[in-house]
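1. Sequence first, predicted coordinates after that:
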Amino acid sequence: MKETFVKQLKNVQLRKPILIEGLPGLGLVGKIATRYMIRRLKAEKFAKLYSPHFPYYVLVNKKGNIRLLQAAFYYWKNPNGENDLILFTGDSQAQTIEGQYEISDTILEFARKHGTETIITLGGYRKEVETEPKVIAAATTPKLLKRALEANATLSPTGSPIVGTAGLILGLARLKQVSALCLLGETRGYLPDPKAAKSILQVLQKILNIDIDPSGLDKQIAKAEKIVEKIRKMEEERIKRVEKAKKEDEDRITYIS
């Protein structure tokens, strides 16, 4: 394999589809949100993407069978609106700069081939969150950005970089006259963050005007918060041990003097 390619599994006719992209990134926010939509909407897989720019290992299942790392396109036909959906997620992002551009461009061209005029990319925005994570928005057109802000997203800070596929697709889409929006959920980033994913889904369902019902993530959120609390307590105990050892050293030095 010398370059990225898409293997189409079946042909589908879609009506003005909107592409939702959510590859792994900070807190796995984009992937969690996209995978949840695929399950909730019962979207069907219709194409796979392979690339030599994915990490160089294979995955092994319970039966001992292996497969290459990949990403996949799913489709959902909207019974109540004019826009169907194409949902894209996968095992990994590209590991090289060239690969990031190549994969982003391949995704964009596949979407255009199926009549996509609007793309929404999802990801994480690194920040310590005290209460509910905000959703940061950036777009290629004022109209699309306005829709996001009306759905309770927050305008991205000036000069803030959007790294990886979620950002590059926007840049490439603008060159090819495709409207694109990026939604980033605030996250600590070092653990899977379903809470940030839920915040994105709440904004996304208003933009798309479809029922996603993100409450199905609540159990995952509760588990994630327990893990974060456990890590916090472990860190507090570590700091106490360090401070105790430091004090003992200072007392020992004072005694010797």
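-> Nice, thanks for sending it over.

2. now for the longest helix seen in the chain, which elements pack on it?
-> In the chain, taking DSSP state H as the definition, the longest helix is helix 218-256. If you count contacts as 3 or more CB pairs under 8 Å, 6 or more residues apart in numbering; DSSP states H and E, helix 218-256 packs onto helix 194-208. In short, each C-beta sits where N, CA and C put it, glycine included.

3. Can you show me the helices along the stretch 1-150 of the chain?
-> Here the stretch 1-150 of the chain has its helices, by DSSP state H, counting those that start in this stretch, at 29-41, 97-113, 142-150.

4. Outside of the longest one itself, which residues are in contact with it?
-> For helix 97-113, the external contacting residues (CB atoms under 8 Å, 6 or more residues apart in numbering) are 3-6, 17, 19, 21, 47, 49, 51-54, 71, 73, 86, 88, 93-94, 119, 164-165, 168-169, 172-173, 176, 178.

5. With the last one instead?
-> The set of residues that contact helix 142-150 without belonging to it, under CB under 8 Å, 6+ apart, is 118, 135, 137-139, 155, 179-181, 183, 203, 206-207.

6. Out of the residues you listed, which is nearest to Val12?
-> Thr118 (17.8 Å; CB to CB).

7. beta partners of the closest one?
-> Beta-bridge partners of Thr118, counted by DSSP bridges, are Ile18, Ser179.

8. circling back: tell me which of the helices of the stretch 1-150 of the chain sits nearest to Ser215.
-> Going by CB to CB, the one of the helices of the stretch 1-150 of the chain nearest Ser215 is helix 29-41, 10.4 Å.

9. so where is the stretch 151-257 of the chain shaky, pLDDT-wise?
-> 251-257 (pLDDT under 70).

10. can you rerun that using 80?
-> 225, 228-240, 242-257 (pLDDT under 80).

11. middle-most residue in the protein, spatially?
-> Gly30 (1.5 Å; CA atoms, centre = their mean).

12. Give me the distance between that one and Phe54.
-> 16 Å (CB to CB, to the nearest Å).

13. ok so, going back, quick check: the residue nearest to the centre of the chain vs Val12, distance?
-> 23 Å.

14. Please apply the same query to Asn65.
-> In terms of CB to CB, Asn65 sits 27 Å off from Val12.

15. I appreciate the help and will end here.
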